[in-house]
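dropping a prediction and its sequence here:
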Amino acid sequence: MRFGVLGTGGIAAKVLTVGIRRAGHTVVAVGSRTQASADAFAAKWNIPAAFGSYEALIQDPEVEAVYIALPSGLHKEWTLNAAKAKKHVLCEKPVAPYASDVIEMIDACAAAGVVFLDGTFFKHHPRNAEIRDLIVSGALGDVTSVFSQFCSDARGMPADAIRHQPAMERTGVLGDMGWYTVRFGLHVYGYELPERVRVTGTIVQRHPETGAAIHFIGQLFFANNRIAQFDCSFVQMISQYSHINGTKGVLALDDTFVPYGGMIDMKNPDAFAPAGHDEYRISRAGGQWETRRVSIEREGEAVVEETRMIEDFVACAHGDGDWRAWGAQSVAIHRVLDALWESAEAGGAPVRIVVS
C-alpha cells in the first residue's frame with residue numbers, strides 16, 4: 001500500500017520506518033504546513049514527494065492511505081478531507097477533542113468506503129491478546145481491580161510544545177498518556193463502558209504557564225463492584241506499570257505500552273533491533289511470581305507492535321479485518337475521556353456515562 005504522511009514530527013518518522021516500511025509498504029509523500037519542512041523531512045527519510053500543504057498530499061493520486069501525525073485538534077478536519085478523497089486513514093491518538101468528533105470521523109470513512117484506524121501500537125501486540133484470553137478463560141478468577149500507570153519525565157518540555165497547548169491538545173496528559181491507561185482498563189473488561197468515572201479530587205497538576213493538564217489520576221467504576229484506576233503524568237520518572245487483580249491470581253507488567261525490549265531511538269528509528277519476546281508475570285500466592293514469555297517472532301524475525309499495526313490496517317483495507325470493531329473501541333475510550341474531563345471540571349464529582 002502507498003502511504004502519505006501528514007506531519008513531520010518524531011512519531012511520523014517512527015511509524016514510517018518501523019511501521020510502514022518494515023511491514024513491506026511504501027511512503028510516497030509527506031505533507032507539512034511549509035514546503036521547507038516537507039522538503040527536509042522527505043530528504044532525511046528518502047520520500048519521493050514533498051508537499052507544502054496537507055491538502056496537496058490528500059489530492060495526490062499516488063497516495064492510497066494517509067497517516068495523520070498532527071495535533072489532535074486537526075485530526076477531524078483532515079480525516080474528513082481524506083475520506084472525501086477516498087483515502088484510508090490511520091490517525092494518531094487521541095483521535096479528536098470529543099467522542100462526538102470521533103463518531104463523525106468514523107462514520108465519514110464508512111460512508112466513503114475507506115478504513116479508519118487509530119494509531120495505538122500496543123493493542124496490536126500479541127501479549128495484549130494473550131492477557132485478554134487469560135482473563136476470559138477464568139485463569140485469574142473474577143477480575144475486579146485494574147491499575148495502570150504511564151508516566152514520563154517531560155519537565156524540560158517547553159511551554160510552547162503542542163502537548164502543553166490546550167487549543168491543540170484539549171485534555172493534555174489525559175489524552176496523551178492517559179489514553180493508554182484508560183484503554184488498558186477497558187481492554188481488561190472487554191471494552192465494557194464503566195457506569196461512572198471520577199478524577200481523584202481534581203487535576204493533580206497543570207502547567208504553570210499554559211494551564212494544560214500534566215498529571216491526572218482517575219477511576220472507572222464498572223457494574224458488579226469492579227474498578228479500573230490509572231495515573232498518568234508528564235512530571236514523573238518513566239513508568240508503565242500495570243496490574244490486574246482477580247480472585248485466583250494477579251497479573252503484572254512493568255512495560256505495558258512500549259516494551260522495554262522494544263524502545264526505539266526516535267532520532268534513529270531505522271537502527272532499531274528488537275528482542276524476540278516480551279514478558280508478563282503472574283502470582284497465585286503472595287510473593288511468588290511466574291514469568292511468562294510471549295514471542296513476537298515470525299519466521300525467526302521479531303515483528304514489533306508498530307509493524308503489526310500497519311499489517312492489521314492494510315488487512316482491513318483489503319477487507320480481511322473488522323476495522324469497525326476497532327473503531328468502536330476508539331469511541332469507547334473517548335466517551336470515558338470526555339467523562340473524566342467533565343469530572344475534573346466539576347471538582348472531582350462522579351460523572352455517569354450514558355449512551356443513548
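Yep, that arrived.

confirm residue 231 sits in a helix?
No. Counting by DSSP: H, G, I helix; E, B strand; the rest coil, residue 231 falls outside a helix, being strand.

okay, now it: neighbour count?
Neighbourhood size, residue 231 [other C-beta atoms under 10 Å]: 21. Heads up, the C-betas are built off the backbone N, CA and C, glycines and all.

grab the nearest non-local neighbour of it.
residue 149 (4.4 Å; C-beta to C-beta, 6 or more residues apart in numbering).

ok, now residue 104?
residue 76 (6.9 Å).

for residue 205, same thing?
residue 215 (3.9 Å).

span of stretch 25-43 from start to end?
From its first residue to its last, stretch 25-43 covers 19 Å (C-alpha to C-alpha, to the nearest Å).

touching it from outside, list them.
1-8, 12-13, 16, 20-21, 45, 47-54, 56-58, 60, 62-63, 310, 314 (C-beta atoms under 8 Å, 6 or more residues apart in numbering).

apply 6 Å and report the result again.
1-6, 8, 16, 20, 47-52, 54, 57, 60, 62-63 (C-beta atoms under 6 Å, 6 or more residues apart in numbering).

and that stretch, which residues are buried?
Using 16 or more other C-beta atoms under 10 Å as the test for burial, stretch 25-43 gives 25, 27-32, 37-39, 41-42.

helices of the stretch 251-356 of the chain, residue ranges please.
305-317, 323-345 (DSSP state H, counting those that start in this stretch).

which stretch among those comes nearest residue 163?
Closest of these to residue 163 is helix 323-345, at 15.2 Å (criterion: C-beta to C-beta).

follow-up on the earlier one: so can I have JSON lines of the buried residues of stretch 25-43 showing secondary structure, pLDDT and distance to residue 333?
Converted to JSON lines, the buried residues of stretch 25-43 look like this (DSSP: H, G, I helix; E, B strand; the rest coil; pLDDT from 0 to 100; distance: C-beta to C-beta, whole Å):
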{"residue": "25", "secondary structure": "coil", "pLDDT": "98", "distance to residue 333": "26"}
{"residue": "27", "secondary structure": "strand", "pLDDT": "98", "distance to residue 333": "27"}
{"residue": "28", "secondary structure": "strand", "pLDDT": "98", "distance to residue 333": "31"}
{"residue": "29", "secondary structure": "strand", "pLDDT": "98", "distance to residue 333": "30"}
{"residue": "30", "secondary structure": "strand", "pLDDT": "98", "distance to residue 333": "28"}
{"residue": "31", "secondary structure": "strand", "pLDDT": "98", "distance to residue 333": "27"}
{"residue": "32", "secondary structure": "coil", "pLDDT": "98", "distance to residue 333": "28"}
{"residue": "37", "secondary structure": "helix", "pLDDT": "97", "distance to residue 333": "30"}
{"residue": "38", "secondary structure": "helix", "pLDDT": "98", "distance to residue 333": "31"}
{"residue": "39", "secondary structure": "helix", "pLDDT": "98", "distance to residue 333": "36"}
{"residue": "41", "secondary structure": "helix", "pLDDT": "97", "distance to residue 333": "29"}
{"residue": "42", "secondary structure": "helix", "pLDDT": "98", "distance to residue 333": "33"}
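
need those residues in TSV with distance to residue 110, can you?
Formatted as TSV, the buried residues of stretch 25-43 follow (distance: C-beta to C-beta, whole Å):
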residue	distance to residue 110
25	23
27	25
28	25
29	25
30	27
31	24
32	29
37	32
38	30
39	35
41	31
42	32
